[in-house]
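Q: no sequence for this one, just the structure:
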C-alpha cells in the first residue's frame, strides 16, 4: 500500500558562522533536535570555509519548520551558535539570463541558446574556455571593465540591483 503525504511549500534558511569542520549531517541533527522533529525532511548543503574559516549551511525545509527555526533565531551546532535567517533568492530567467522573473513570463531577448558564462553561441557554460562576460550588464549599459563576470555573481550590478529590490520589497 502506498503512503500519501501533503506537500508543504519549502523555504530556504541560511545558518551562518559555522565552524570550519561542520558537516551537513551535524547541521541536520542539530535542527531536528532544536525543533523536536526527528522525522522531518530537510536538505542541507554546507559551503566551503570563508577567509575567517567559517561556513554557511543552506537548509531547505518545510515552511512550518522554517518559521519555527527563524523564530528561535540561533541554534547550537557543534561548538558554536549559528544565526538563522531566511535566504533571499532572486528569480532567475533561463531564457534571457535576467533576474526578477522566470522564463514563462519573459519578454526579454531569447538567450537560451547562448553560453551562460561568456554569452557566445555554439556551446554551453560547462564547455566554455572563454573569459566570463555578463550579457545582462552589457545590455544595461555597464562600461566594458564592469562586465567581466558571470551573471548572478556578487560582481553583477544587475543581480545586485534585483537582490536589493527584493530585499526592500520584503521589508
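A: Arrived safely, thanks for sending. In this text the structure is predicted, and so the values were computed from the model without any measurement.
Q: where does this structure have low pLDDT?
A: The model of the chain has pLDDT under 70 over residues 1-2, 4-6, 171.
Q: Determine which residue lies closest to the centroid of it.
A: Central residue of the chain (CA atoms, centre = their mean): residue 89, 5.5 Å from the mean position.
Q: Does that residue touch residue 13 like I think?
A: No - Residue 89 lies out of contact with residue 13 (CB atoms under 8 Å); the separation is 11.4 Å. Glycine gets a C-beta too; all of them are placed from N, C-alpha and C.
Q: Show me what the nearest residue to residue 10 once chain neighbours are set aside is bridged to.
A: With CB to CB, 6 or more residues apart in numbering as the measure, residue 60 is the residue that lies nearest to residue 10, at 5.3 Å, once sequence neighbours are left out. On the basis of DSSP bridges, residue 60 is bridged to residue 12, residue 43.
Q: I'd like the distance between residue 60 and residue 150.
A: According to CB to CB, to the nearest Å, residue 60 stands 23 Å off from residue 150.
Q: tell me the contacts of the residue nearest to the centre of the chain?
A: residue 12 (CB atoms under 8 Å, 6 or more residues apart in numbering).
Q: And residue 135, by the same measure?
A: Counted by CB under 8 Å, 6+ apart, residue 135 has contacts 97, 111, 114, 119, 151.
Q: So which residues of this protein form strands?
A: All strands of the chain, identified by DSSP state E, fall at 10-18, 42-46, 55-62, 74-77, 80-86.
Q: Minimum distance to residue 93: which of those has it?
A: When the strands of the chain are compared by CB to CB, strand 10-18 sits nearest residue 93, at 19.0 Å.
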